[in-house]
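Undergrad: Build me a model:
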Amino acid sequence: MNNGKIRDWLKQHALVLEEGFCDSLRSIAEEYKTWYGYGTLNEVYRLLGISRQQVTYWKANPCSTQTKKRYFTVLKAAELFCLSDEAAELLANKAGLSLQGEQEENTGVQKLFKQYTDKQKKLFIEANVTERMLYYIKADRKPSKESLLALVISMGMETEEIQQVLRTAGYVLSKSLPTDMIVLYFLEHQLEWNKNISLVWQINEVLDELELPLLGTRLYGNFT
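TA: As a prediction, this is how the structure comes out:
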C-alpha cells in the first residue's frame, strides 16, 4: 500500500477516513488501563491475546486481508471491556468486519446464485473471480471479503444490499479503510464510470495504482 498515493487520491476526491480500528482499540484499552491501574498498555493488550507489535502492524497495514485475528480480538475486547453490542459492532466495523454474521444464517450469500445459474461465466469475468471460488461459496464455505465484494458488485446490487450481504459473512464496507472508502466512492458515483467495462475492473485499476488488495481472486489481468 502506497500511503502517499492513497492520501492524494482521497484528497482529490474530497474523502476523509474515519478513526481507524487500532486507534479506537487503543483508546478503549487506555481507559481500561487507567481504570484498573495497569502499568502499561501492553499489559492490557496481552489480556486480549495480542501484543503492541501486532497492533502496530495492523495500523501500518489496515487493508491486510488477514482478518481472523482482528475478528477474535474484537470478540475478546467486547468481553474484557464489557462493550455493548452496538459498541462492539462499531469497533468491528472499523476493521471492515461485522459481528452480525454470528447471529445470522449465511442465506444472503447463498441466494446470490439462484438468479445467476445460466450467467455464471459472464459473472466470473466481470467479478474477477475464478469458477472455483463460486463453488467454494456454494459449498457454504466463507469467501474472502474481496471475492464476495467483487461478486455482489458485479450483480448490480445497491450499496445497502451489498452491506447486508457482507454482514451475513462477517464483513462490512468501512469508512475507516482506504480500500473500502474507494469502493464506496465508486458505488456512489456509478453513473460517472464507463458502462462498457466491469465496475470491479475499474475499481481494481485504482486499487492496483495505490498498491491495495484487489477485488476478486485473480491477481493479474488487463483492466481495460
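
Undergrad: Pull the number of nearby residues for Val172.
TA: Neighbouring residues of Val172 were enumerated by other Cβ atoms under 10 Å; the total is 24. C-beta: built from backbone N, CA, C; applies to glycine.

Undergrad: From Ile162, how far out is Gly101?
TA: From Gly101 over to Ile162 the distance is 15 Å, taken as Cβ to Cβ, to the nearest Å.

Undergrad: do Ile182 as well
TA: Applying Cβ to Cβ, one obtains 14 Å for the distance of Ile182 from Ile162.

Undergrad: Repeat that for Trp58.
TA: Using Cβ to Cβ, one gets 24 Å for the distance from Trp58 to Ile162.

Undergrad: before we move on, what about Leu90?
TA: 19 Å.

Undergrad: Looking at those two, which has the bigger crowd around it?
TA: Per other Cβ under 10 Å, whichever of Leu90 and Ile162 has more neighbours is Ile162, with 22 against 14.

Undergrad: Helix or strand for the more buried one, just tell me which one.
TA: Secondary-structure assignment from DSSP states H and E places Ile162 in helix 159-168.

Undergrad: ok, the closest residue to Ala87 other than its chain neighbours - how many residues close by?
TA: If the residues on either side of it in the chain are set aside, Ala87 comes closest to Ala78, at 7.7 Å by Cβ to Cβ, 6 or more residues apart in numbering. Here the neighbour count serves as a burial measure; for Ala78 (other Cβ under 10 Å) it reads 18.

Undergrad: Isn't Ala78 up against Leu90?
TA: No. The criterion here is Cβ atoms under 8 Å, and Ala78 misses it with Leu90 at 10.6 Å.

Undergrad: From the centre of the protein, point out the most distant residue.
TA: Of all residues in the chain, Gly37 has its C-alpha farthest from the mean position, at 34.6 Å, by Cα atoms, centre = their mean.

Undergrad: can you tell me which helix in this protein is longest?
TA: helix 21-36 (DSSP state H).

Undergrad: which helices and strands does it pack with?
TA: helix 41-47, helix 52-60, helix 68-80, helix 85-94 (3 or more Cβ pairs under 8 Å, 6 or more residues apart in numbering; DSSP states H and E).
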